[in-house]
Structures are given as C-alpha cells and as structure tokens.
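Undergrad: For reference, the sequence and a predicted model appear below.
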Amino acid sequence: MNKKRVAIQGIKASFHEEAAYKFFGEDIETVECNSFKQTCDALKQKKADYAVMAIENSIAGSILPNYTLLRDYHFSIIGEVYLAIRLHLLALPGVKFEQIKKVESHPIAIRQCNDFFDEFPHLNVIESTDTAACAKKIKEQQLTDTVAIANQLAAKVYGLDILERRIESNKKNYTRFLILSDNKEADDIKNSNKASLSFEVIDEVGSLAKVLNIFAECEVNLSKIQSMPVLGKRNQYNFYVDIEWNKKENYEQAIRKVLRYTVNFTIMGEYLLNDKV
C-alpha cells in the first residue's frame with residue numbers, strides 16, 4: 001500500500017511535519033515545500049495527496065495570506081491539528097553553552113523567546129527561513145559556536161543535543177493547522193461536528209448581525225470569525241467563520257437560513273473538531 005504523500009511548508013522535522021505526524025501518524029511521505037503557495041501547488045498538481053497549512057497562532061494571531069490561498073485554490077478542509085509550540089535550544093553533541101556565539105531560527109520563533117535572549121544579550125541572533133533548516137545546517141556544517149531554536153523532533157532527526165528546554169516566553173503557545181485535500185468525494189467526513197465557511201453578506205443594514213443571530217438561534221457555536229477585504233470592491237468583505245454543533249440538523253437548518261443573507265457562500269470543509277493540544 002502506498003504511503004500518503006503530505007505537502008508541508010518547510011523541511012523534515014519542521015512544525016508542519018510534526019503536525020502532519022500528529023494527524024496521519026508517522027507512516028507517511030512528506031513533500032517539502034519552501035512556501036505555503038508551493039504546498040498548494042503540490043496538492044493541485046497531484047504531487048501530494050494532502051497538504052498541511054498553519055492558519056493561526058495563539059500569540060501571533062491569524063495567518064492572513066493563507067486565507068487568500070484557501071479562497072484561490074478551493075481545497076477542502078478535512079481536519080485540523082492543534083500543536084503546542086515548544087521551543088528548545090539545539091546544539092551539536094558535546095557543545096557547552098559557554099561556546100555559543102550565534103543563535104539561528106525563524107523570526108517568529110525568535111520573537112517567542114525574547115525573555116530568554118534578554119538574559120543573554122551577548123548572543124548574536126540571526127533570522128532564517130525555517131526552524132528545522134537551522135538545525136540541519138548545524139549538523140551538516142558541524143557548527144560548534146551556533147545553536148538553533150527548534151522542536152524536539154528536529155533534535156531527534158538531526159542528532160542534536162537540547163542545551164536548554166522550553167525557552168519560549170509563553171508556555172501556552174499553540175498553532176492551529178488545517179489538513180487540506182483536493183479530492184472532495186474521497187474525503188467525506190462522517191459524523192462531522194465542525195465546519196469552515198466563507199461568504200459575503202448582502203448589502204443591507206444588519207445583514208451580518210442576522211447571520212450571527214441565526215447561528216445562535218440554531219444552537220450552532222461560532223468559534224472564529226475573520227474578515228478579509230474583497231479585492232477591488234470598496235467596503236466589501238469576505239467573512240471566514242468556523243462553527244461547531246452537537247446536532248447535525250441544527251447545522252443544516254442554520255445553513256439554509258444563512259443563505260438568505262449571504263452571497264458567494266462556500267462550505268470550505270466539514271470535519272471533526274480537534275482542540276487537543
């Protein structure tokens with residue numbers, strides 16, 4: 001049986017690969033991509049069966065360009081993963097902290113460790129494209145004066161020691177990832193209890209309020225709402241919402257009613273709620 005091919009942003013041992021493992025298990029083939037757009041292209045061109053895409057972080061907020069990619073590529077969301085972001089200081093085996101002069105990592109990872117670096121102002125902090133790529137560079141170039149900020153998976157894959165554990169400033173930091181598919185029929189999710197929708201509201205006073213009230217009246221929980229300007233249309237917005245329900249009939253009733261007040265309505269995916277970090 002062929003392994004599932006999963007497109008990820010970054011290289012092996014990146015947080016995207018960790019999220020892919022958490023959703024699919026480790027018996028998969030990851031397709032490394034340099035950008036989120038490349039992951040979408042890999043999925044569209046059938047170089048991958050699925051793609052993993054970060055969509056929000058509990059500290060940094062929503063990753064807005066990825067909503068644009070979701071709209072442009074029309075993939076189905078078939079699942080989600082919440083991943084705790086635990087950041088460690090990785091070095092070659094045997095290297096002592098006193099030897100360290102440089103720290104390399106992704107700029108977001110660096111910002112999430114500001115409190116740590118305030119204690120060690122002599123360290124030269126260098127921004128790079130990917131947390132795992134920094135770990136790989138240390139291994140390949142045998143750098144004894146440089147450490148990477150990355151996850152435990154990167155330490156395992158690239159044979160590095162963890163000099164300092166959990167150096168992130170906020171210990172409740174997590175990222176939510178979406179699992180994307182381009183095969184709508186094959187990935188029909190039974191017993192789904194969460195959906196991601198996108199729509200514009202009709203040009204009438206109170207239209208958005210009516211939509212939100214419908215969800216409340218039908219006992220459908222609105223867990224997230226995100227707005228993005230409609231390109232080329234002044235004062236018009238796409239709304240992206242995540243909703244959850246206990247009874248499927250409540251969800252179906254809400255959708256029927258919401259259609260009266262919306263245009264360009266799209267169900268981007270129906271899937272199982274997964275909020276375990």
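TA: Now that the structure is in, tell me what you want to look at. All values derive from a computational prediction rather than experimental measurement.

Undergrad: What's the separation between Lys46 and Asp115?
TA: 45 Å (CB to CB, to the nearest Å). Every C-beta, even on glycine, is put in place using the N, C-alpha and C of the backbone.

Undergrad: number of nearby residues for Tyr73?
TA: 16 (other CB atoms under 10 Å).

Undergrad: And for it, nearest residue in space, chain neighbours not counted?
TA: Cys40 (4.8 Å; CB to CB, 6 or more residues apart in numbering).

Undergrad: now swap in Ala148 and tell me
TA: Nearest in space to Ala148, with sequence neighbours left out and distances taken as CB to CB, 6+ apart, is Cys134 at 3.7 Å.

Undergrad: before we move on, what about Leu259?
TA: Computed as CB to CB, 6+ apart, the closest residue to Leu259 that is not its neighbour in sequence is Phe265, at 5.9 Å.

Undergrad: Check Gln152 too.
TA: Nearest one to Gln152, counting by CB to CB, 6+ apart, is His88 at 6.3 Å.

Undergrad: Also Trp245?
TA: Counting by CB to CB, 6+ apart, the residue nearest Trp245 is Tyr251, at 4.3 Å.

Undergrad: rewinding a little: show me the contact partners of the helix or strand hosting the residue nearest to Tyr73.
TA: Taking DSSP states H and E as the criterion, Cys40 maps to helix 36-44. With contact meaning CB atoms under 8 Å, 6 or more residues apart in numbering, helix 36-44 is reached by 7-9, 31, 33, 48-54, 65-66, 69, 72-73, 75, 180-182.

Undergrad: Dump it to CSV, keeping only the CA atoms.
TA: The C-alpha trace of helix 36-44 is given here as CSV (Å, rounded to 0.1, in the frame of the first residue of the first chain):
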residue,chain,number,x,y,z
PHE,A,36,2.6,27.9,1.6
LYS,A,37,1.9,28.6,-2.1
GLN,A,38,4.2,25.7,-3.1
THR,A,39,2.3,23.3,-0.8
CYS,A,40,-0.9,24.3,-2.6
ASP,A,41,0.7,23.9,-6.0
ALA,A,42,2.0,20.4,-4.9
LEU,A,43,-1.5,19.4,-3.9
LYS,A,44,-3.1,20.9,-7.1
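
Undergrad: list the helices and strands the next helix or strand after it packs on?
TA: Tracing the chain C-terminally past helix 36-44 and defining elements by DSSP H and E, one meets strand 50-57 next. In this structure, strand 50-57 packs against strand 4-9, helix 15-24, helix 36-44, helix 64-73, strand 174-181, with contacts taken as 3 or more CB pairs under 8 Å, 6 or more residues apart in numbering; DSSP states H and E.
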